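Visitor: Give me a model of this one.
(one chain, ligands or ions: 1)
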Amino acid sequence: MTEVIRADCLTKKFGKNTVVDHVSFEVSEGEIFGFLGQNGAGKTTTTRMLTGVLPSNSGTATILGYDIMKSPVYAKQRFGVVPETSNAYIDLSAQQNMFLMGELYDLPKSKILRRTEELLTLVGLIERKDQKVQAYSKGMKQRLILAMSLIHEPELLFLDEPTSGLDVQSTHMILSLLRDLNRNGMTIFLTTHNMEEANQLCNRVGIIRAGKMIALDAPEKLKSAIDREHRIEVSFAKDVPSIEPGDLPGIIRAEKTGDKWQIIVSDKDAAIRSIVAYSGEQNTAIVTLNTLAPTLDEAFIRLTREEEK
Ligand SMILES: Nc1ncnc2c1ncn2[C@@H]1O[C@H](COP(=O)(O)OP(=O)(O)OP(=O)(O)O)[C@@H](O)[C@H]1O
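Guide: Down below sits the predicted model:
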């Protein structure tokens, strides 16, 4: 598998503060890699070093074999960037913005024309291509920025919070565009706060905390790594006496919220059997019983909290 991104001990200091601290990872061709972390963790600084916007103090970033600092022109031809804040000129139309971007990459006019038609069609803006961007909704602007980042047919796309502040429909549209691009071979490096988004899209995620990479794995593996305790949500047809740990085999803790019991269990099978037996003893029926797997959100909180200790 071709290595598309390699970060090797990337380190960045601002004054005395080390905000990115020996971060190393690789992203392979065709992957969607999620880069997660709390505010101020060092995501944007790392991305800026990977994309050659910011020099590192030490360590290297390599894009498709090109060192981003030593061969920035070659490296930059191979990737597109969707920045956190819009880089589209609002006084210009979508088409004019696409042209400016194409000229930045020194593309021939015929190619800019062809790519503009293709990409504005892809992102659903072809009918509005002559309208000034200031009249666009936030979702339309974001789709335009995505189209602009693809003008030079990159193989790799960096996106910083691409769905931040978008409504459900626009979010859905951006995510399905990313899936389609990925299906056609695009490698994607996605910075996000949205765990559900990362969980749905990413093959692997890296979690950065206080400048250090603290976890790097597939979302399912991160979730199962913290899956030491299971949660069962159960509701009974009638009120039952308080469930105490020790009352039922396999149960660590039980709390009632609303009409449901949230039960933390050590042994899922034993706990389900004892809950069923308990409902019989109490002469009541089970109305719902769900076993809940940990979410990536929970994994993220647990992992970042464990590191704080
Ligand atoms: N130019 C700069 N000068 C000094 N400190 C900076 C500079 N840029 C970033 N920092 C600091 O570096 C740390 C990491 O910032 P960074 O923007 O990389 O975090 P982030 O993970 O992208 O956060 P967010 O999710 O809020 O965008 C923060 O403490 C930030 O204040």
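Visitor: what bits of the stretch 151-300 of the chain have low per-residue confidence?
Guide: 226-229 (pLDDT under 70).
Visitor: in it, which spans are strands?
Guide: Per DSSP state E, counting those that start in this stretch, the stretch 151-300 of the chain carries strands over the ranges 156-160, 187-192, 204-209, 212-217, 230-236, 251-257, 260-265, 286-292.
Visitor: would a markdown table of the ones you listed with mean neighbour count and distance to the ligand be doable?
Guide: Where you see a C-beta, it was placed from the backbone N, CA and C, and this is true even at glycine. Below are the strands of the stretch 151-300 of the chain laid out as a markdown table (neighbours: other CB atoms under 10 Å; distance: least, CB to the nearest ligand atom, whole Å):
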| stretch | mean neighbour count | distance to the ligand |
| --- | --- | --- |
| strand 156-160 | 23 | 8 |
| strand 187-192 | 24 | 7 |
| strand 204-209 | 23 | 7 |
| strand 212-217 | 17 | 12 |
| strand 230-236 | 19 | 29 |
| strand 251-257 | 15 | 31 |
| strand 260-265 | 19 | 31 |
| strand 286-292 | 13 | 28 |
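Visitor: what would those look like in a markdown table with distance to Ile272?
Guide: What follows is these, written out as a markdown table (distance: least, CB to CB, whole Å):
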| stretch | distance to Ile272 |
| --- | --- |
| strand 156-160 | 42 |
| strand 187-192 | 35 |
| strand 204-209 | 31 |
| strand 212-217 | 29 |
| strand 230-236 | 7 |
| strand 251-257 | 11 |
| strand 260-265 | 8 |
| strand 286-292 | 7 |
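Visitor: and Glu3, which of those is closest to it?
Guide: strand 187-192 (10.0 Å; CB to CB).
Visitor: who does the closest one touch, helix- and strand-wise?
Guide: strand 3-14, strand 17-28, strand 32-36, helix 43-50, strand 156-160, helix 168-183, helix 195-201 (3 or more CB pairs under 8 Å, 6 or more residues apart in numbering; DSSP states H and E).
Visitor: Could you point out the helix or strand that follows the fourth one?
Guide: Next along the chain after helix 43-50, taking DSSP states H and E as the criterion, comes strand 58-63.
Visitor: And that following strand, what's buried?
Guide: Neighbour-count burial for strand 58-63, counted by 16 or more other CB atoms under 10 Å, picks out Gly59, Thr60, Ala61, Thr62, Ile63.
Visitor: quick one on the thing from earlier: out of the helices and strands packed on strand 187-192, which is the most enclosed?
Guide: Per residue and on average, the most neighbours among the helices and strands packed on strand 187-192 fall to strand 32-36, with a mean of 26 (mean count of other CB atoms under 10 Å).
Visitor: Contact partners for the residue most central in space within the chain?
Guide: Nearest to the geometric centre of the chain sits Ala198, at 3.4 Å (CA atoms, centre = their mean). Applying CB atoms under 8 Å, 6 or more residues apart in numbering, one finds that Ala198 lies in contact with Gly34, Leu36, Leu190, Thr192, Val205, Pro219, Leu296.
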